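>>> Below is the sequence, then the predicted model.
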Amino acid sequence: MLRSGVRYQTEVTWNEPTHKLTDPPWVVILGRILIMTLLFMGLAVAVGAAFGGVRVLLKVVFPGKVFDRPGQMDVLQLGLSGKRIDSRDFY
């Protein structure tokens, strides 16, 4: 039924065009990997610097109102020493 409807035919020729290698050389691939890695690292540094700059700017413009409010800061303590940590000592 279905098998008899399938027509399978092979054809081999002497003058069939050859396949050419389409992959770039491995040196080019490694160079592109290195360039993209450096670009990604540069982007990460730029975004981190922008985040830190905005945070410092907000701390200068609005001290104690946006970040590090003493009433809302908690410090996790292990209790290894008898002295309790006061969050106001950090700033």
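Done, it's in. Residues are numbered from 1 along each chain as shown.
>>> quick one: P63 from G71, how far?
14 Å (Cβ to Cβ, to the nearest Å). Using the backbone N, CA and C atoms, a C-beta is placed for each residue, glycine as well.
>>> who has more neighbours, the two?
P63 (11 against 6; other Cβ atoms under 10 Å).
>>> Name the SS class of the more buried one, please.
coil (DSSP: H, G, I helix; E, B strand; the rest coil).
>>> With D23 instead?
coil.
>>> With F51 instead?
Applying three-state DSSP: F51 is helix.
>>> tally of neighbours for it?
Residues near F51, counting by other Cβ under 10 Å: 10.
>>> Please apply the same query to T22.
T22: 5 neighbours (other Cβ under 10 Å).
>>> cool, S81 as well?
S81: 8 neighbours (other Cβ under 10 Å).
>>> Assign a three-state SS to it, would you?
Reduced to three states by three-state DSSP, S81 is coil.
>>> V47 versus that one, what's the distance?
Taken as Cβ to Cβ, the span from S81 to V47 is 38 Å.
>>> ditto for K20
From K20 to V47 the distance is 42 Å (Cβ to Cβ).
>>> Likewise for G82?
42 Å.
>>> likewise E16?
When distance is defined by Cβ to Cβ, E16 is 53 Å away from V47.
>>> picking up where we left off before, more neighbours: G82 and V47, which one.
Using other Cβ under 10 Å as the criterion, G82 and V47 rank with V47 on top: 10 against 5.
>>> how far out from the middle of the chain is the helix or strand L30 falls within?
L30 belongs to helix 26-61 when assigned by DSSP states H and E. What separates the centre of helix 26-61 from the centre of its chain is 9 Å, taken as Cα atoms, centre = their mean, to the nearest Å.
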